[in-house]
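In: let me see the structure of the following:
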Amino acid sequence: MAEIVSLNRYRKTKKRAAKKAAAPRNRFAKGRTKSRRARDTAVRKRNEAELEGKKLKKRDED
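Out: Numbering: from 1, shown residues only. Next up, the predicted model:
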């Protein structure tokens, strides 16, 4: 015979596990000061712009 399982308990356990998995990302994203977030955003934008500038342009062969 199969073991009887409370579906409500299963849902709660699953929800807790999802929150626990998301906690490190949230700590990293929300656990920084406003100036640190602004600096990180500026660095990311600068890196993206630099990468975009290094991409080769495709030639249109008419």
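In: the helices in the protein, which residues?
Out: 7-30, 34-54 (DSSP state H).
In: so for Met1, which of those helices sits nearest?
Out: helix 7-30 (17.7 Å; CB to CB). Where C-beta positions appear, they are placed from N, C-alpha and C, glycine not excepted.
In: coming back round to it: reformat the helices of the chain as JSON lines; add mean neighbour count and mean pLDDT.
Out: Shown next, in JSON lines, are the helices of the chain (neighbours: other CB atoms under 10 Å; pLDDT from 0 to 100):
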{"stretch": "helix 7-30", "mean neighbour count": "10", "mean pLDDT": "92"}
{"stretch": "helix 34-54", "mean neighbour count": "10", "mean pLDDT": "93"}
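In: can you list those in a markdown table and add distance to Asp60?
Out: Shown next, in a markdown table, are the helices of the chain (distance: least, CB to CB, whole Å):
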| stretch | distance to Asp60 |
| --- | --- |
| helix 7-30 | 42 |
| helix 34-54 | 19 |
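In: what about Arg32, how many neighbours?
Out: 13 (other CB atoms under 10 Å).
In: is it true that it touches Asp40?
Out: Yes: using CB atoms under 8 Å, Arg32 makes contact with Asp40 at a distance of 7.4 Å.
In: relative to Lys45, how far out is Lys55?
Out: Lys55 is 16 Å from Lys45, where distance means CB to CB, to the nearest Å.
In: got it, and Ala38?
Out: Distance, Ala38 to Lys45, using CB to CB: 11 Å.
In: relative to Lys14, how far out is Ala21?
Out: On the measure of CB to CB, Ala21 and Lys14 end up 11 Å apart.
In: before we move on, what about Arg44?
Out: Computed as CB to CB, the Arg44 to Lys14 distance reads 33 Å.
In: check Ala22 too.
Out: From Ala22 across to Lys14, the span is 13 Å (CB to CB).
In: who's in contact with the residue nearest in space to the middle of the chain?
Out: The residue lying closest to the centre of the chain (CA atoms, centre = their mean) is Arg25, at 6.5 Å. By CB atoms under 8 Å, 6 or more residues apart in numbering, Arg25 lies in contact with nothing.
In: good, wrapping up.
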